[in-house]
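S.K.: whatever this is, show me its structure:
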Amino acid sequence: MAQRRKFLAVGGSLITGAMAGCTSSGSGSESTDQTTAGNAENETEAASESSADGSYTVTVEPYGSHTFEEVPETYFASVWSGFGISLNLLPTYGGRTDKINGKFYDLIPGLNYDTSKIQTITGGKGGFDKEVFYQTDPDVIFQDPRYLKQQAGWSDQDVEEIATNVAPLLGSQIHQPMNNQEPYYDLYGAFEKVAQVFQRQEQYDAWEEYHAEILSDVQSRLPPEDERPTATCLIRGVNPASGHFIPVHIREDKSNTRTLGQLGVKDVFEGQNIDGEIGIEAILEADPDIIAIPSLWMDTHEEFVTNVVEPLENNDQTSGLTAVQEGNLVRTVGHYIDPITDLFSLEAAAKQIYPEEFGEWPGPIGQLSSDQQLFDRQRVSDLVTGDL
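M.R.: You can find the predicted model right below:
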């Protein structure tokens with residue numbers, strides 16, 4: 001990492017310090033891929049260790065461990081952007097800023113996330129060019145090295161070069177195993193890693209406590225397990241005319257089905273191999289009570305109606321599905337989820353799936369009166385700003 005002066009904001013004041021360098025044991029290879037998601041989450045006790053000289057070590061698989069001599073000031077993030085924003089730390093550099101969940105952040109009082117201040121990194125295969133990382137020189141890169149190898153064609157040597165000469169690649173999957181390779185982190189497992197990197201553990205703990213409080217309240221109000229609906233989650237768009245769909249199994253540790261798992265719906269394809277596309281006949285045979293689409297972060301309500309509801313209603317075959325006939329087409333947040341949007345996803349899905357208990361969902365986000373909201377927007381604002 002290049003030697004340079006740092007300016008760190010502490011309690012509203014600025015302090016400066018010389019960057020004394022950093023060490024790393026991460027190789028960028030996939031030798032650690034046997035770690036399970038559970039192990040990845042449970043490694044946190046040893047993941048951030050402080051030394052007497054103020055340096056500290058953070059471990060994020062598959063990269064490994066990295067020792068920071070001071071708190072990073074600049075960082076690159078793509079999928080993990082929302083973790084920084086949830087700690088009031090806007091990414092310095094990023095990929096596509098249109099993936100940032102601004103329509104949710106707008107509903108949190110006082111949250112400042114000016115995306116024009118994020119320098120977009122583009123160029124090269126898959127949008128990643130080593131030279132751009134050299135030019136921008138971030139202090140930490142929140143990107144899974146396996147993704148760079150898969151999407152950008154990087155080699156192990158490329159990963160090691162950037163990790164050695166620019167910054168550690170302390171990112172990992174939070175969606176699902178990449179090419180069936182572990183590890184990957186669930187939402188709060190990944191969030192804790194970011195908090196450790198920026199030494200915001202107290203802020204993270206407050207976030208985790210509030211999330212647990214809201215989730216516990218919602219789950220205490222769910223109907224008995226034998227009365228909960230069956231469901232499937234369809235990804236990559238819905239086009240009944242094509243004759244096929246792409247469902248995924250409902251698991252709480254996967255970003256695109258996290259909310260459904262928390263709400264206890266039954267995976268209509270449980271125990272079946274549904275990797276890849278399935279024919280329309282399989283959906284008709286399964287006939288789930290709920291069809292979920294992880295598009296709440298992306299589409300407007302009107303776009304959801306146009307792109308999902310109307311095609312399913314107007315198709316001769318899918319119009320007979322129970323979920324279509326009863327209007328049980330549910331929107332959740334998907335791949336680009338973070339602690340803030342996670343709460344919105346839980347609220348929206350709870351109201352769509354169990355309206356008798358939680359009240360009706362209006363459709364467009366932002367139209368719930370305060371007495372109908374399942375979490376306190378001001379409390380979230382306080383968590384973001386560190387007013388604990």
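
S.K.: what about residue 253, which SS state?
M.R.: For residue 253, the assignment made with DSSP: H, G, I helix; E, B strand; the rest coil gives coil.

S.K.: that one and residue 366, how far apart?
M.R.: 29 Å (Cβ to Cβ, to the nearest Å). For the C-beta atoms, the positions are set from N, CA and C on the backbone; glycine is no exception.

S.K.: neighbour-wise, which of the two wins?
M.R.: residue 253 (17 against 10; other Cβ atoms under 10 Å).

S.K.: so what pLDDT did the residue lying closest to residue 319 once chain neighbours are set aside get?
M.R.: Leaving aside its chain neighbours, residue 319 sits nearest to residue 313 (5.6 Å; criterion: Cβ to Cβ, 6 or more residues apart in numbering). Note on residue 313: pLDDT of 97.

S.K.: repeat for the one 4 residues further on
M.R.: Each residue has a pLDDT score; the one for residue 317 is 96.

S.K.: now it: how far from residue 327?
M.R.: 18 Å.

S.K.: okay, these two: which has more neighbours?
M.R.: Comparing residue 317 with residue 327 by other Cβ under 10 Å, the one with more neighbours is residue 317, at 14 against 10.

S.K.: ok, longest helix in this structure?
M.R.: helix 201-220 (DSSP state H).

S.K.: centre of the chain to the helix or strand that it is followed by, how far?
M.R.: Toward the C-terminus, helix 201-220 is succeeded by strand 230-234 as the next helix or strand (DSSP states H and E). With Cα atoms, centre = their mean, to the nearest Å as the basis, strand 230-234 stands 20 Å off its chain's centre.

S.K.: contact partners of strand 230-234?
M.R.: Defining contact as Cβ atoms under 8 Å, 6 or more residues apart in numbering, one finds that strand 230-234 is touched by 245-248, 250, 256-257, 260, 265-269, 283, 286, 288-294, 330, 332, 353.

S.K.: those residues in strands, which ones?
M.R.: Judged by DSSP state E, the contacts of strand 230-234 include 245, 247-248, 266-267, 290-293, 330 as members of strands.

S.K.: least confident pick among those?
M.R.: residue 248 (92).

S.K.: helix, strand or coil for the residue nearest the centre of the chain?
M.R.: In the chain, the centroid-proximal residue (Cα atoms, centre = their mean) is residue 337; its distance is 3.2 Å. Secondary structure assignment for residue 337 (three-state DSSP): coil.

S.K.: show the pLDDT at the closest residue in space to it that isn't next to it in sequence.
M.R.: Distances taken as Cβ to Cβ, 6+ apart put residue 255 closest to residue 337, at 4.9 Å, once the chain neighbours are dropped. You'll see residue 255 listed with a pLDDT of 86.

S.K.: excluding its backbone neighbours, what's nearest residue 111?
M.R.: Ranked by Cβ to Cβ, 6+ apart and with sequence neighbours excluded, the top spatial neighbour of residue 111 is residue 105, at 5.0 Å.

S.K.: that neighbour reaches residue 340, doesn't it?
M.R.: Yes: here residue 105 reaches residue 340: they are 6.5 Å apart, a contact under Cβ atoms under 8 Å.

S.K.: neighbour count winner among the two?
M.R.: Of the pair residue 105 and residue 340, residue 340 is the one with more neighbours under other Cβ under 10 Å, namely 26 against 21.

S.K.: and the more buried one, what does it touch?
M.R.: By Cβ under 8 Å, 6+ apart, the contact set of residue 340 is 82, 85-86, 101, 104-105, 108, 111, 380, 384.

S.K.: quick check, it in a strand?
M.R.: No: Residue 340 sits outside any strand when classified using three-state DSSP, being helix.

S.K.: quick one: it from residue 122, how far?
M.R.: Separation of residue 340 from residue 122 (Cβ to Cβ): 26 Å.

S.K.: go on, residue 237?
M.R.: Taken as Cβ to Cβ, the span from residue 237 to residue 122 is 25 Å.

S.K.: of those two, which one has the most company?
M.R.: Shown here are residue 237 and residue 122; by other Cβ under 10 Å, residue 237 has more neighbours (13 against 10).

S.K.: nearest residue to that one other than its sequence neighbours?
M.R.: Nearest to residue 237 is residue 307, by Cβ to Cβ, 6+ apart, at 7.4 Å.

S.K.: now residue 365
M.R.: In space, not counting the residues next to it along the chain, residue 365 is nearest to residue 103; the distance is 6.3 Å by Cβ to Cβ, 6+ apart.

S.K.: need the pLDDT of that neighbour.
M.R.: 89.

S.K.: next, it: phi, psi?
M.R.: phi -70, psi -20 (degrees, to the nearest 10).

S.K.: near it, how many other residues are there?
M.R.: Burial of residue 103 is recorded as 16 neighbouring residues (other Cβ under 10 Å).

S.K.: got the CA positions of stretch 159-171 in PDB?
M.R.: Only the C-alpha atoms of stretch 159-171 are listed here, as PDB (Å, rounded to 0.1, in the frame of the first residue of the first chain):
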ATOM      1  CA  VAL A 159      -5.400 -10.800  -7.200                       C
ATOM      2  CA  GLU A 160      -2.200 -11.100  -5.200                       C
ATOM      3  CA  GLU A 161      -0.700  -8.200  -7.200                       C
ATOM      4  CA  ILE A 162      -3.500  -5.800  -6.300                       C
ATOM      5  CA  ALA A 163      -3.700  -7.100  -2.700                       C
ATOM      6  CA  THR A 164       0.100  -6.500  -2.200                       C
ATOM      7  CA  ASN A 165       0.500  -3.200  -4.100                       C
ATOM      8  CA  VAL A 166      -2.900  -1.500  -3.500                       C
ATOM      9  CA  ALA A 167      -5.200  -2.900  -0.800                       C
ATOM     10  CA  PRO A 168      -6.600  -6.200   0.600                       C
ATOM     11  CA  LEU A 169      -9.700  -7.700  -1.100                       C
ATOM     12  CA  LEU A 170     -11.800  -8.100   2.000                       C
ATOM     13  CA  GLY A 171     -15.100  -8.900   0.400                       C
END
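
S.K.: I appreciate the help and will end here.
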